[in-house]
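In: Provided below for reference: sequence and predicted model.
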Amino acid sequence: MDRPGPRQPAHSHAHDHGQGHAFTGLRAREREGLVVADRRGMLKASLAGLAGLSMPDLLRLRATASGTRPPGGKAVILLWMAGGPSQIDTWDPKPGRPLENRGPFGTIQTKLPGVLICEHLPKQAAMLDKFTILRSVDAQHSNHEPNKVFQTANLDAEPRVSPSKDLYPSIGSIVARHHGSNAPGIPPYIAFQTSRTHVAYAGYLGKRYDPFIANQACKLPIYNNVGVDSGRMSPAGFFNLPGGLTHERLKNRRALLEDLDNLRRTLDSSPDVAAMDRFNQEAVDLLVGRRAQQAFDLENEPKESRERYGKHLWCQQALLARRLVEAGAAFVTLDLSYHTASGTWDTHGDNIPPYGGISKGLKPLLPLFDHLITTLVSDLEERGMLDDVLVVAMGEFGRTPQMGTQGSTDGRNHWNPVMSMCLAGGGLKHGQVIGSTEADGGHIKDRPIRPSDLAATIYRHMGVPLDATYEDTEGRPHFIVADNGQPIAELF
């Protein structure tokens, strides 16, 4: 059993409610009204909140309801490479080894003297002083479908053997609970999700801290499961209000009264409105503040910026991630996969469609990823945001040192003894490589880094207490940092 950690005192705030308003009778500041446990509560919060709550009121009530301190400006963008990228063919190349080990790619010198990475990552190589490469990440307990261990930092979340795999909260959900969003009207934890099995949710913390699934809120190109653009766009229907209501109409108090009965009748049948329930007080700003709606709308981004990122689906999502953290999101996950099964980075071999091997499967992904991550990091830096935003790029495990697995030409199978990943931003000490592997890239040589160490690093960046706990369904406490994980010291 996990040891209990110290409890955080509950926050309490009192203030003079002062003036009455047209919707005083709805008793919005009573629990039934403003703590949105059901759809009626959401409706009451929306109506009365518009009439009588100022922005300081909303912030104060939000802190009271969540039990957290007012948020700061820190954020995390997780680039989730679903399927598990090959460490040898990305950030830990082994030149001079036999072909079946080193793979088909060459290497390129980086801005860090003596440090080589894959030749298909030239943009990252040119600005590697902005990054840290971790070459000794221990993925022994990790698997995929669903991807749980690294997104929860809990070894007991191993998806193939643990019956409670879905109950351990994601790092993003922990951040949502303890840090919250950085501005009202923006969900704290947002995910662009290709498959439900690719993204970890809140588990024991409750649905309130599940990610807001961004796919439903923005217009993006639709790709098929092998990465072909269909020419169609996603509908972005989340912000469509039912029954002919408009944002302008919702701002009108008299119109609210007139539409009250119609809105009540539509609440139970509208998935768009029902999905807002879990955002509690933030539902008010989601409905009428437009902060989130504007952040999700790429038409609000200058044309030059959109062209800089490019038209590819993943690059557009990266631009949206920047817009969302700029608007106040605290944790954004991009599911970088076309395929809804194990993931596009699951490069078993060219005889195992649709994944491909190293040459046909991985090679087309690397220039795209290279452009995406360097554009995102450069953009954050130019906007003065890089010290506040930590960018993390990783998958769930590495790939076998030997090619040709499962009868393929150059595929690599799952390999969890070691994987590589990279970090940028967050005000951390970058321009370094941490850890190393044995000569064939198959096992850790020195400085093992565990999932719990990564989580502790993220929590320290986000100001989340490392000794914080949560309770399971039996009321037993669990530390958010399992296995005595420690922040990666070289980064601080």
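Out: Okay, I see it.

In: I figured Ala82 was touching Trp345, is that so?
Out: Yes - the pair Ala82 / Trp345 is scored as a contact, 6.1 Å apart, by C-beta atoms under 8 Å. Bear in mind the C-beta positions are built from the backbone N, C-alpha and C, glycine included.

In: which of those two has more neighbours?
Out: Neighbour totals were compared for Ala82 and Trp345, and Ala82 leads with 28 against 25 (other C-beta atoms under 10 Å).

In: the more buried one and Trp314: what is the separation?
Out: Going from Ala82 to Trp314 by C-beta to C-beta, to the nearest Å gives 11 Å.

In: so who does the residue sitting nearest the centre point of the chain touch?
Out: In the chain, the C-alpha nearest the mean C-alpha coordinate belongs to Thr333, at 2.1 Å (C-alpha atoms, centre = their mean). By C-beta atoms under 8 Å, 6 or more residues apart in numbering, Thr333 lies in contact with Ile77, Leu78, Trp80, Gln151, Gly172, Tyr189, Ile190, Ala191, Phe192, Gln193, Val199, Pro211.

In: let me know the closest of these to Glu299.
Out: Phe192 (18.0 Å; C-beta to C-beta).

In: for the closest one, give me its contacts.
Out: Ile213, Ala214, Asn215, Gln317, Leu320, Ala321, Val332, Thr333, Leu334, Asp335.

In: from Thr132, how far off is the third one?
Out: I take that to be Asn215. Taken as C-beta to C-beta, the span from Asn215 to Thr132 is 30 Å.

In: also the fourth one?
Out: Applying C-beta to C-beta, the value for Gln317 to Thr132 is 23 Å.

In: and for Gly172?
Out: Distance from Gly172 to Thr132, by C-beta to C-beta: 21 Å.

In: neighbour count winner among the two?
Out: Gly172 (28 against 21).

In: pretty sure the more buried one sits in a strand.
Out: No - per DSSP: H, G, I helix; E, B strand; the rest coil, Gly172 lies outside any strand segment and is helix.

In: who touches it in this structure?
Out: Applying C-beta under 8 Å, 6+ apart, the residues contacting Gly172 are Val76, Leu78, Gln151, Tyr189, Ala191, Ala200, Pro211, Phe331, Thr333.

In: can you rerun that using 10 Å?
Out: For Gly172, the contact set (C-beta atoms under 10 Å, 6 or more residues apart in numbering) comprises 76, 78, 151-152, 188-191, 199-202, 209-211, 330-333, 458.

In: same check, this time on Leu428
Out: Thr132, Asp387, Leu390, Thr457, Arg460, His461, Pro487, Ile488, Glu490, Leu491, Phe492.

In: 8 Å instead, please
Out: Thr132, Leu390, His461, Leu491, Phe492.

In: now the fourth one. Nearest residue, chain neighbours left out?
Out: Using C-beta to C-beta, 6 or more residues apart in numbering and skipping the chain neighbours, the partner closest in space to Leu491 is Leu428 (4.2 Å).

In: same check on the second one?
Out: Taking C-beta to C-beta, 6+ apart as the measure, Leu390 lies nearest to Gly426, with 3.1 Å between them; neighbours along the chain are not counted.

In: how close does Leu466 sit to Phe331?
Out: For Leu466, the distance to Phe331 - C-beta to C-beta - is 17 Å.

In: which one's more surrounded, these two?
Out: Using other C-beta under 10 Å as the criterion, Leu466 and Phe331 rank with Phe331 on top: 29 against 15.

In: what bridges to that one?
Out: In this entry, Phe331 is beta-bridged to Val76, Tyr189, by DSSP bridges.

In: one step back: these two touch, right, the residue nearest to Leu390 and Glu381?
Out: No - contact criterion C-beta under 8 Å: Gly426 and Glu381 do not qualify, at 12.0 Å.

In: for Lys303, list the residues it contacts.
Out: Per C-beta under 8 Å, 6+ apart, neighbours of Lys303: none.

In: circling back to that earlier point, what is in contact with Ala82 and Trp345 at once?
Out: Leu336, Ser337, Gly395.

In: before we move on, the earlier item: which neighbours do Ala82 and Trp314 have in common?
Out: Leu336.

In: got any ranges where the stretch 51-200 of the chain has weak pLDDT?
Out: Scanning the stretch 51-200 of the chain for pLDDT under 70 picks out the ranges 51-72, 159-160, 162.

In: all helices for it, in order.
Out: 55-66, 99-102, 122-126, 149-152, 171-178 (DSSP state H, counting those that start in this stretch).

In: what residues of the second one count as buried?
Out: This means helix 99-102. Neighbour counts using 16 or more other C-beta atoms under 10 Å place Asn101, Arg102 of helix 99-102 among the buried residues.

In: mind exporting it as CSV, just the C-alpha atoms?
Out: Extracted C-alpha coordinates of helix 99-102, given in CSV (Å, rounded to 0.1, in the frame of the first residue of the first chain):
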residue,chain,number,x,y,z
LEU,A,99,23.7,-2.8,-40.9
GLU,A,100,21.1,-5.1,-39.3
ASN,A,101,21.8,-3.2,-36.0
ARG,A,102,22.5,0.4,-37.1
